[in-house]
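Colleague: Quick one, what's the 3D model for this:
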Amino acid sequence: MKLFSSVYIGSYEVTMKLYELRQGRMPQNIDTMRMPMPIVYEISKTKSVSIETTEKLVSVISDMKKVMDSYSADIRSVYAGATLHRAENELFVLEQIRLGTGISVHVLRNSEQRFLEYISVAAMSSFEDYIKNRCVMADVGGSSLQLTLFSEGKVSVTQHLPLGTFQLRDTYARLSEMPDHREQMSDMIDKEFDVFQKMYLHENNPDTLIILEDQLLPPIDEMRGSKNDLVVETDRLKKKLKNISINDDSSIGEMFHSSPELSVEPVLLLHRELLKLIPSDTTVIPGAIINDGICLNYCYENGIIKKHHDFHEDIINASWAIADRYDSYRPHLRTLRIISLKIFDIMKKYHGMGKRQRLLMEVATILHDCGKYISIYESAECSHRIILSSEILGLTHKEREIVAAVAKYNRTEMPMFRDLRDQFSEEEYFVIVKLLAILKVSNALDRSHKQKLKNISMRIRNNELIIGVEANDSITLEKGMFEKQADFFYRTFAIRPVIREKNV
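Modeller: Numbers count the residues shown, from 1 in each chain. Take a look at the predicted model:
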């Protein structure tokens with residue numbers, strides 16, 4: 001048995017949770033501490049965290065560390081949300097926390113933060129039932145709103161909307177003096193949702209809407225009853241939110257009038273519009289928070305429990321959805337995927353990469369050509385931009401950068417490390433080069449995009465990767481393009497690929 005502690009510095013509060021870990025069992029929460037800390041307000045207003053708030057952060061984390069020490073916690077993870085990246089004095093704040101508490105804080109990128117929140121939700125016992133048909137998951141954050149559409153149990157698409165709770169509060173404060181400010185706020189929210197609806201829902205409404213909260217709404221907490229997860233008919237929740245007024249509830253009214261930047265009315269307005277514009281039969285508001293995702297991710301990575309959901313398939317399915325959106329040629333991509341993974345697996349002894357890099361290889365083969373939809377001449381650069389701009393739930397920001405680089409340099413010259421050292425570490429650079437070498441050879445084997453090669457076999461002998469193929473048509477083009485890519489492969493692995501055509 002081990003004790004795991006997770007501390008998370010969010011947009012509005014600092015939360016610590018302690019868990020008991022046992023092999024083969026779900027983590028059990030044994031203690032929780034929360035402290036309000038609306039750093040998003042300071043960062044949005046002044047682009048920094050004040051000295052006073054920094055000192056308060058140090059004090060709060062010190063107190064939480066004392067609790068960890070009292071429990072003799074074995075594993076301690078301290079994270080901060082992506083909001084902190086927007087502070088100009090981010091490094092100063094992190095250094096003050098380290099000096100004051102001895103704890104180093106890892107600041108998450110948006111993709112990492114959203115994925116950890118997703119992990120916490122995917123562990124719900126009924127999650128697979130919720131997503132088996134059509135489901136939208138709305139991750140309501142302080143800086144943005146992320147919408148993920150599930151179809152037939154897999155992620156179809158993830159999109160960001162500039163509708164974070166703080167942005168709405170800021171807009172609300174600026175419009176509040178106008179007599180029709182509520183109508184204007186509703187119109188603004190409707191406009192942002194409209195594109196998502198038209199592109200992805202096509203009037204085919206989801207069965208379930210899952211809403212992840214950056215902060216729990218006090219007005220609906222009473223609906224949870226004895227359970228953490230709120231599962232309710234959407235119409236009932238609509239009526240509940242419609243009837244809430246900050247003037248009728250003294251606790252909400254006190255919050256609103258004492259701290260305009262923390263007013264709950266624009267948050268309620270967002271949820272009302274969310275329920276109206278993404279109609280569903282059932283709405284689920286999980287009780288799980290990102291701290292749970294941090295703990296579960298540790299358990300998955302260390303084999304304490306098995307994953308509750310196939311996140312790998314989410315990533316692949318989302319990649320195919322992007323490829324389809326940009327009209328990529330599926331037969332070529334399917335062939336390329338098979339060949340690339342065959343080469344990756346047989347070369348494992350020589351490239352030293354693992355399962356995660358194999359996943360990046362898979363994603364790169366699916367997305368490498370998506371830029372042709374925008375420009376055939378500049379397809380490499382366009383593919384690079386599309387991949388960087390596309391949220392793929394489950395990939396980190398750095399992993400997206402690696403995939404984007406592989407797609408870009410598939411058609412352009414691979415720079416020296418010194419030209420990319422500001423963007424990638426040496427280890428990351430080598431991953432890009434190795435994946436690129438495999439992609440180039442695989443691409444050359446289907447250069448005509450006609451899938452001429454059949455029954456492809458591979459073996460390594462005398463420093464050669466012998467690729468046996470059968471073909472019912474001439475493969476002169478493939479052989480001509482192959483030699484140049486084989487040279488790059490040889491310089492990378494000291495193994496030379498060669499084609500051996502079999503008799504049909």
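
Colleague: In three-state terms, how would Met458 be classified?
Modeller: strand (DSSP: H, G, I helix; E, B strand; the rest coil).

Colleague: Could you check how far it is from Val93?
Modeller: 52 Å (C-beta to C-beta, to the nearest Å). Where you see a C-beta, it was placed from the backbone N, CA and C, and this is true even at glycine.

Colleague: So these two - more neighbours on which side?
Modeller: Between Met458 and Val93, counted using other C-beta atoms under 10 Å, Val93 has the larger neighbour count: 24 against 16.

Colleague: Quick check: buried residues in the strand or helix carrying that one?
Modeller: Assigned by DSSP states H and E, Val93 falls within helix 90-101. By 16 or more other C-beta atoms under 10 Å, the buried positions in helix 90-101 come out as Glu90, Val93, Leu94, Gln96, Ile97, Gly100, Thr101.

Colleague: can you redo those as CSV with distance to Ile322 and pLDDT?
Modeller: Putting those into CSV (distance: C-beta to C-beta, whole Å; pLDDT from 0 to 100) gives the following:
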residue, distance to Ile322, pLDDT
Glu90, 31, 96
Val93, 35, 97
Leu94, 34, 97
Gln96, 41, 97
Ile97, 38, 97
Gly100, 44, 96
Thr101, 42, 96
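
Colleague: Distance to Leu57 for those residues - can I get that in TSV?
Modeller: Formatted as TSV, these follow (distance: C-beta to C-beta, whole Å):
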residue	distance to Leu57
Glu90	12
Val93	7
Leu94	10
Gln96	8
Ile97	6
Gly100	9
Thr101	9
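
Colleague: and Leu359, that's in a helix?
Modeller: Yes. Looking at Leu359 with three-state DSSP, it is inside a helix.

Colleague: thought Met37 was touching Glu55?
Modeller: No. Contact criterion C-beta atoms under 8 Å: Met37 and Glu55 do not qualify, at 11.7 Å.

Colleague: So for the two, which residue has more residues nearby?
Modeller: Neighbours were counted for Met37 and for Glu55 using other C-beta under 10 Å; Met37 has more, 20 against 12.

Colleague: thinking again about what came up before, which one among the buried residues of helix 90-101 gets closest to Arg418?
Modeller: Glu90 (27.0 Å; C-beta to C-beta).

Colleague: mind checking pLDDT for Glu222?
Modeller: pLDDT recorded at Glu222 is 58.

Colleague: Over to Val40?
Modeller: We have a pLDDT of 83 for Val40.

Colleague: cool, and Ile285?
Modeller: In this model, Ile285 is scored at 89, pLDDT.

Colleague: if I look at it, how far off is Asp229?
Modeller: 7 Å.

Colleague: what do you get for Ser383?
Modeller: In terms of C-beta to C-beta, Ser383 sits 40 Å off from Asp229.

Colleague: which of those two has more neighbours?
Modeller: Taking neighbours as other C-beta under 10 Å, Ser383 and Asp229 compare with Ser383 leading, 29 against 15.

Colleague: and the closest residue to that one other than its chain neighbours, what does it touch?
Modeller: With sequence-adjacent residues excluded and distances taken as C-beta to C-beta, 6 or more residues apart in numbering, Ser383 is closest to Gly371, at 3.3 Å. Counting by C-beta atoms under 8 Å, 6 or more residues apart in numbering, Gly371 touches Tyr326, Glu378, Ser379, Ala380, Glu381, Cys382, Ser383, His384, Arg385, Ile386, Ala407.

Colleague: Let's see that with 7 Å instead.
Modeller: Going by C-beta atoms under 7 Å, 6 or more residues apart in numbering, Gly371 touches Ser379, Ala380, Glu381, Cys382, Ser383, Ile386.

Colleague: Ok, Gln197 next?
Modeller: Gln197 touches Leu277, counting by C-beta under 7 Å, 6+ apart.

Colleague: repeat that for 8 Å
Modeller: Gln197 neighbours (C-beta under 8 Å, 6+ apart): Leu277, Ile278.

Colleague: For it, give me phi and psi.
Modeller: For Gln197, the backbone dihedrals (degrees, to the nearest 10) come out as phi -60, psi -50.

Colleague: One more: Leu453?
Modeller: When read as degrees, to the nearest 10, the backbone of Leu453 gives phi -80, psi 140.

Colleague: residues in contact with the nearest residue to it once chain neighbours are set aside?
Modeller: Using C-beta to C-beta, 6+ apart and skipping the chain neighbours, the partner closest in space to Leu453 is Val469 (4.4 Å). Going by C-beta under 8 Å, 6+ apart, Val469 touches Leu445, Leu453, Lys454, Asn455, Ile456, Ser457, Ile475, Ile499, Arg500, Glu501, Lys502.

Colleague: so Val469, which of the three states?
Modeller: Applying three-state DSSP: Val469 is strand.

Colleague: Look up how far Ile285 lies from it.
Modeller: From Val469 to Ile285 the distance is 54 Å (C-beta to C-beta).
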